[in-house]
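J.: build me a structure from this.
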Amino acid sequence: MIQEHLLAFFIPFGLVLFVFTPLVRKFAFRTQVLDQPDSPRKVQSAPVPKLGGWAVFLGFASVIAVWQIFWPEFFGLFIKNNYLWGILVGGFILALGGYLDDRFVLAPRYQFLFPVLAVVALIVSGVQLSYINNPFGGAILFDTVKILSYPLFGGIFIFVWVLGMIYTTKFLDGLDGLVSGVAGIGAIVLFLLSQIPQVSQPDTALLSIMFAGAILGFLPWNFHPAKIYLGEGGSTFAGFMIGALAIISGGKVATALLIMGIPILDVAWVILRRTMNQFSPFTGDRKHLHFRLLDIGLSHRQAVMVLYFFSAAFGVSGLFLQSAGKVVALAVLFAVMVLLGGFLVIGYHRKIKN
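T.: Residues are numbered from 1 along each chain as shown. Below is the predicted model:
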């Protein structure tokens, strides 16, 4: 399987790096779909093309097409063909919505439509969740009520979970290379998790490494100073894939939470603070953790690497911990976030006074 995994990684990696990203970048310049440095939240000094999510999606879709043509037997045990269609249709919906938003700046109520439709496509394809492991023993069942043999509560959980992951990466996309790197780390961790004997899901491992190749093939173009941004479609597609992979790989929600824990807590805090201050949760500002890291004096790359480290460290810990251990790790993650947030706020105010 090593040879197959290498191919599954390097085919989309090469296509995104050398083919799709240059083409999408030229198209973005030609159509003037550019991110202008017109607000304090913008970290660039010149216009940067958007639409990078199209390159990632095309690379990912291409490698799935290659596998379905030449090696269709690799999928089917845990990932059925209709699941693949659900993922690809959902990804296309996000890429299309991202293009429309990047070009025409849609109102939040219209932006919200595309993530919802993407998650619905995933659920309609048949992806379901009957239970998740209870860290204190047994399982939490989601199949006690069924509609046309589909677990109702499992569908509700998938909808909330994947939509939450979509908006986590959407709000996280504030620094060059941050979302593409964190999503790449997440995909690799889920690939490794699917490989361990206790899980042993070769086709979910394959799908994870395919997405890792696509998103990491984009990273050299996206790392600071970025030559192209993921855009709305790319930032939402990253969260969609991490959320979907966590569900398909047997409800590995705790591991995904460890990978994305810092961004999730950051987004939750920012939304709570905006709501308490009577601002729209979709109103951008510089209160996110990644901006705080810049405010205390870290360079752009240093701030991104700090967040890479947390995602990788907590994500890898999920490979070795059992369910109860993951609860402890999540508690540690929460404590780290509180301490880090406090440190950054204190450091920022000291810097202002000095």
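J.: for this protein, which segments count as helices?
T.: Per DSSP state H, the chain carries helices over the ranges 2-14, 21-31, 52-70, 81-104, 108-111, 113-124, 152-172, 178-195, 202-222, 231-248, 253-276, 289-295, 300-320, 323-353.
J.: please identify the deepest-packed of those.
T.: helix 231-248 (a mean of 29; mean count of other Cβ atoms under 10 Å). C-beta coordinates here come from the backbone N, C-alpha and C atoms, glycine included.
J.: now tabulate the helices of the chain in TSV and tack on mean pLDDT.
T.: Listed next are the helices of the chain as TSV, based on pLDDT from 0 to 100:
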stretch	mean pLDDT
helix 2-14	95
helix 21-31	98
helix 52-70	97
helix 81-104	96
helix 108-111	88
helix 113-124	97
helix 152-172	94
helix 178-195	95
helix 202-222	96
helix 231-248	96
helix 253-276	82
helix 289-295	80
helix 300-320	90
helix 323-353	74
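J.: now those as a markdown table including distance to Val145?
T.: Shown next, in a markdown table, are the helices of the chain (distance: least, Cβ to Cβ, whole Å):
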| stretch | distance to Val145 |
| --- | --- |
| helix 2-14 | 37 |
| helix 21-31 | 44 |
| helix 52-70 | 33 |
| helix 81-104 | 22 |
| helix 108-111 | 31 |
| helix 113-124 | 15 |
| helix 152-172 | 4 |
| helix 178-195 | 29 |
| helix 202-222 | 26 |
| helix 231-248 | 19 |
| helix 253-276 | 20 |
| helix 289-295 | 39 |
| helix 300-320 | 30 |
| helix 323-353 | 24 |
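J.: relative to Val43, which of the ones you listed is closest?
T.: helix 300-320 (6.5 Å; Cβ to Cβ).
J.: what is the closest one packed up against?
T.: Packing partners of helix 300-320 (3 or more Cβ pairs under 8 Å, 6 or more residues apart in numbering; DSSP states H and E): helix 178-195, helix 253-276, helix 289-295, helix 323-353.
J.: which one of the ones you listed lies nearest to Asn133?
T.: Taking these one by one with Cβ to Cβ, helix 323-353 is closest: 5.0 Å.
J.: so which residue is smack in the middle of the protein?
T.: Geometric centre of the chain, nearest residue: Gly239, 2.7 Å, by Cα atoms, centre = their mean.
J.: how near is it to Thr275?
T.: Between Gly239 and Thr275 the distance, using Cβ to Cβ, to the nearest Å, works out to 21 Å.
J.: returning to that earlier point: between the helices of the chain, which gets nearest to Ala139?
T.: Closest among the helices of the chain, using Cβ to Cβ: helix 323-353, at 10.0 Å.
J.: tell me the angle of that closest one relative to helix 253-276?
T.: 40 degrees (axes from the mean of the first three to the mean of the last three Cα atoms, to 10 degrees).
J.: output the contacting helices and strands for helix 323-353.
T.: helix 253-276, helix 289-295, helix 300-320.
J.: give me the angle between that helix and helix 300-320.
T.: 160 degrees.
J.: isn't Val145 right up against Leu152?
T.: Yes: using Cβ atoms under 8 Å, Val145 makes contact with Leu152 at a distance of 4.5 Å.
J.: between the helices of the chain, which gets nearest to Pro37?
T.: Between the helices of the chain, helix 300-320 lies closest to Pro37; by Cβ to Cβ that is 13.9 Å.
J.: which residues sit against the closest one?
T.: Residues from elsewhere that reach helix 300-320 (Cβ atoms under 8 Å, 6 or more residues apart in numbering): 43, 175-178, 181-182, 185-186, 189, 192-193, 196, 223-225, 252, 254-255, 258-263, 289-290, 293-294, 298, 326, 329, 333, 336.
J.: what would the helices and strands packed on helix 300-320 look like in a markdown table with distance to Lys26?
T.: Rendered in a markdown table, the data for those read as follows (distance: least, Cβ to Cβ, whole Å):
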| stretch | distance to Lys26 |
| --- | --- |
| helix 178-195 | 20 |
| helix 253-276 | 31 |
| helix 289-295 | 29 |
| helix 323-353 | 39 |
